[in-house]
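S.K.: return a 3D structure for these sequence lines:
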Amino acid sequence: MRDPKQSSNRASTHRPHLLAPTASDLQKYGKKDTILAGFHTDLNFLTIHGRSRYPGLHIWARNTGRKIPVRIPPGNHLLVQAGKQLEYITGGLIKAGYHEVVVNDQTLRVIEERRERFPDRPLVRISSTFFWHLSSDYDLAPLPELAERAKALRAEKQAQGRDEGDEVEYPPIKVGDQVSK
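M.R.: Okay, here's the model as predicted:
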């Protein structure tokens, strides 16, 4: 049983959130297949991606392994991905989302359009990503009911012949230590 002091309220106080805008000079790095952010997951609870003027963000579907180009429509839309802390607390029921940023054909089309429409503006891809974290002193451990659902789902997939790889252990750890590792 989880300590009552470990309420969701406690997990949500004094969090070291991070808004991390990154810029890529497409004049210098705007060649097709240039990797701007390599294939990875994030260590935080949630990763919230805003829309960039230049496409190139890709995610992977867990059920098919397919690489999918992200298209965030104009307006008040965001892409929210699970991070490792959410994977941890669910015992693997919800997996951290894989993503990358690579210059592709669509990026090149937008570069050309912007060169024509705004010749005096720099060709810079800005990504405004928000990393939502749990409190550094929060005891990160799987919630038992979610961990059980994760195990049942894993067994179901194995019975269907779908290999999920080695089972992952999620031993209790302070969030700050999880981030440090």
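S.K.: for residue 18, which non-adjacent residue is spatially closest?
M.R.: Counting by Cβ to Cβ, 6 or more residues apart in numbering, residue 131 is the residue found nearest to residue 18 once chain neighbours are left out, at 4.4 Å. To be clear about C-beta, it is placed using only N, CA and C from the backbone, and glycine gets the same treatment.
S.K.: could you do residue 153 as well?
M.R.: Distances taken as Cβ to Cβ, 6+ apart put residue 93 closest to residue 153, at 6.8 Å, once the chain neighbours are dropped.
S.K.: quick check, the residue nearest to residue 18 in contact with residue 22.
M.R.: No. At 11.7 Å, residue 131 and residue 22 do not qualify as touching, with contact defined as Cβ atoms under 8 Å.
S.K.: so what does the residue nearest to residue 18 look like in phi/psi?
M.R.: Note on residue 131: backbone dihedrals following degrees, to the nearest 10 are phi -110, psi 110.
S.K.: neighbours around it, how many?
M.R.: Using other Cβ atoms under 10 Å, residue 131 is surrounded by 18 other residues.
S.K.: show me the contacts for it.
M.R.: Residues in contact with residue 131 (Cβ atoms under 8 Å, 6 or more residues apart in numbering) are 17, 18, 19, 20, 42, 44, 46, 47, 48, 83.
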